[in-house]
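Student: predicted model follows, preceded by the sequence.
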Amino acid sequence: MTLRAVVRGVGHYLPERVVPNSEFESMIDTSDEWIRSRSGIERRHFVAEGQTTSDLGTRAAQAALAQAGLSAEDVDALIVATSTADLTFPSAATMIQARLGMTKGFAFDVQAVCAGFVFALANANALIVSGQAKRVLVIGAETFSRLMDWTDRGTCVLFGDGAGALVLEAQDGAGTAADRGILSTDLNSDGRQRDILYVDGGVSTGKTGHLRMQGKEVFRHAVEKLAETAHTALEKAGLTSEDVDWIVPHQANIRIIEGTAKRMQVPMDRVVVTVQDHGNTSAASIPLALSVGVERGQIKQGDLIVTEAIGGGLAWGSVVLRW
Ligand code: UT7
């Protein structure tokens, strides 16, 4: 018998305000056509004034718990992947813990920027397979609209706000790749690449700061590293691209998503794509795509899923799981 971290529920929440590309045309020198053709993005959601990352994360967690038929008291750990926690501290996770009415267990944030959800899933898996937790809520929640420089057309049109959540539960498996649950993980980072994607603010500066990105450089790393980490994770599970039912990638740019699928030799009709509706929601993009993929009827129990993401750090990785 092998302990597996199996998905018991999934859910998401998107703030009400939908911003189409056309709204940027009156603000900066850009066009709907440029944004669509260079990124695949058509619209994104932005939070209202006063609405925070923990608000979004709480709503997504409630949706995932409802789908699982569980309450917050049934969960013993809560991990939030975010780079946009409401405050410097406490963590968004403990804020969400309180809002959910979860009075036992523990909660903490994971900060690996756009790769955050993959890192959080790998941590949740480690807690479950080592017997430290039976049920873990894993949430990706972000308000990247708060990090935008609205005069920088190279970044402000690309990002959006949102949250998604999974409930993972310890279940016995046979120890083969036919098991449901997380089958393998692969995590990487390279701190030397700090300057190509970062926020020019934080505790040491006295301001929140704005996201700064050398888009072309990040793009180059993404196409190369995402297929590589996905292959490594599949290999660790004793699987190949041919076994993949769905790639559920980080949703940054349709050209990166297509490039990675091509390198993995997986056709695009086996890729869950939400970038057109959400933009880049950083650590929220994968759980959002998983939740939407289930809602659309694409992802079904027993499907083999590969998630992959890259972001600031650089940090990147992949998780292979059977739904
Ligand atoms: O989630 C974390 C990881 N992030 C990513 O994965 C993002 C990776 N990078 C990208 O997705 C792409 O590099 C971008 C979408 C950011 C940019 O696409 P690109 O094809 O690499 O364009 P570029 O940055 O080379 O810019 C091409 C041109 C430039 O004009 P010139 O210098 O050729 O005259 C830019 O100034 O497009 C211009 N440009 C724009 N034009 C209209 C940049 N942003 C805009 C804009 N509207 N919003």
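Tutor: Done, it's in. Numbers count the residues shown, from 1 in each chain.

Student: tell me the contacts of the residue in the stretch 201-323 of the chain that the ligand sits nearest to?
Tutor: At 2.8 Å from the ligand, G215 is the closest residue in the stretch 201-323 of the chain, using Cβ to the nearest ligand atom. C-beta here means a position set from N, CA and C on the backbone, and glycine is covered the same way. By Cβ atoms under 8 Å, 6 or more residues apart in numbering, G215 lies in contact with G154, T155.

Student: again with G181
Tutor: R4, A5, V6, V7, L168, Q171, G173, L321, R322.

Student: so which of these is the closest to the ligand?
Tutor: Distance to the ligand, by Cβ to the nearest ligand atom, is smallest for L321 among the contacts of G181, at 21.2 Å.

Student: re earlier: would you list the contacts of G181 in a markdown table and tack on pLDDT, distance to A227 and secondary structure?
Tutor: Compiled in a markdown table, the contacts of G181 are given as follows (pLDDT from 0 to 100; distance: Cβ to Cβ, whole Å; DSSP: H, G, I helix; E, B strand; the rest coil):
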| residue | pLDDT | distance to A227 | secondary structure |
| --- | --- | --- | --- |
| R4 | 98 | 26 | strand |
| A5 | 98 | 25 | strand |
| V6 | 98 | 27 | strand |
| V7 | 98 | 24 | strand |
| L168 | 98 | 26 | strand |
| Q171 | 98 | 30 | strand |
| G173 | 97 | 27 | strand |
| L321 | 98 | 18 | strand |
| R322 | 98 | 21 | strand |
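
Student: keep those residues, but drop any that are not near the ligand.
Tutor: With Cβ under 6 Å from any ligand atom as the criterion, the subset of these in contact with the ligand is empty.

Student: can you put those in JSON lines and add neighbour count?
Tutor: Output for these, formatted as JSON lines (neighbours: other Cβ atoms under 10 Å):
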{"residue": "R4", "neighbour count": "23"}
{"residue": "A5", "neighbour count": "29"}
{"residue": "V6", "neighbour count": "20"}
{"residue": "V7", "neighbour count": "25"}
{"residue": "L168", "neighbour count": "30"}
{"residue": "Q171", "neighbour count": "16"}
{"residue": "G173", "neighbour count": "19"}
{"residue": "L321", "neighbour count": "28"}
{"residue": "R322", "neighbour count": "23"}
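
Student: which one is A284 nearest to, not counting chain neighbours?
Tutor: Excluding the flanking residues, the one nearest A284 by Cβ to Cβ, 6 or more residues apart in numbering is G140, at 4.2 Å.

Student: quick check: mean pLDDT across the strand or helix carrying the one you found?
Tutor: Using DSSP states H and E, G140 maps to strand 135-143. Average pLDDT, strand 135-143: 98.

Student: mind giving me the packing neighbours of it?
Tutor: Judged by 3 or more Cβ pairs under 8 Å, 6 or more residues apart in numbering; DSSP states H and E, strand 135-143 is in contact with helix 53-68, strand 77-81, helix 92-100, helix 116-129, strand 161-173, helix 285-295.

Student: doesn't G259 make contact with V223?
Tutor: Yes: using Cβ atoms under 8 Å, V223 is in contact with G259, at 4.3 Å.

Student: thinking again about what came up before, just name the most buried of the helices and strands packed on strand 135-143.
Tutor: Highest mean neighbour count of the helices and strands packed on strand 135-143: strand 77-81, a mean of 30 (counted as mean count of other Cβ atoms under 10 Å).

Student: that one pairs with which strands, and in what direction?
Tutor: strand 106-110 (parallel), strand 135-143 (parallel) (DSSP bridges).

Student: any idea how far L137 is from the closest residue to Q132 other than its chain neighbours?
Tutor: Of all residues not flanking Q132 in the chain, A77 sits nearest, at 7.6 Å (Cβ to Cβ, 6+ apart). Note on A77: its distance to L137, by Cβ to Cβ, to the nearest Å, is 7 Å.

Student: on that earlier part again, can you convert the strands paired with strand 77-81 into TSV and add a column each for mean neighbour count?
Tutor: Shown next, in TSV, are the strands paired with strand 77-81 (neighbours: other Cβ under 10 Å):
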stretch	mean neighbour count
strand 106-110	21
strand 135-143	31
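
Student: mind putting the ones you listed in JSON lines, distance to the ligand included?
Tutor: As requested, the strands paired with strand 77-81 are exported to JSON lines (distance: least, Cβ to the nearest ligand atom, whole Å):
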{"stretch": "strand 106-110", "distance to the ligand": "16"}
{"stretch": "strand 135-143", "distance to the ligand": "11"}
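
Student: which stretch among these comes nearest E73?
Tutor: When the strands paired with strand 77-81 are ranked by distance to E73, counting by Cβ to Cβ, first place goes to strand 135-143 at 10.2 Å.

Student: which residues touch Y13?
Tutor: L56, R59, A60, A63, G162, A163, G164.

Student: show me which of the contacts of G181 is closest to G201.
Tutor: Lowest distance from G201 to the contacts of G181 (Cβ to Cβ) belongs to L168, with 33.2 Å.
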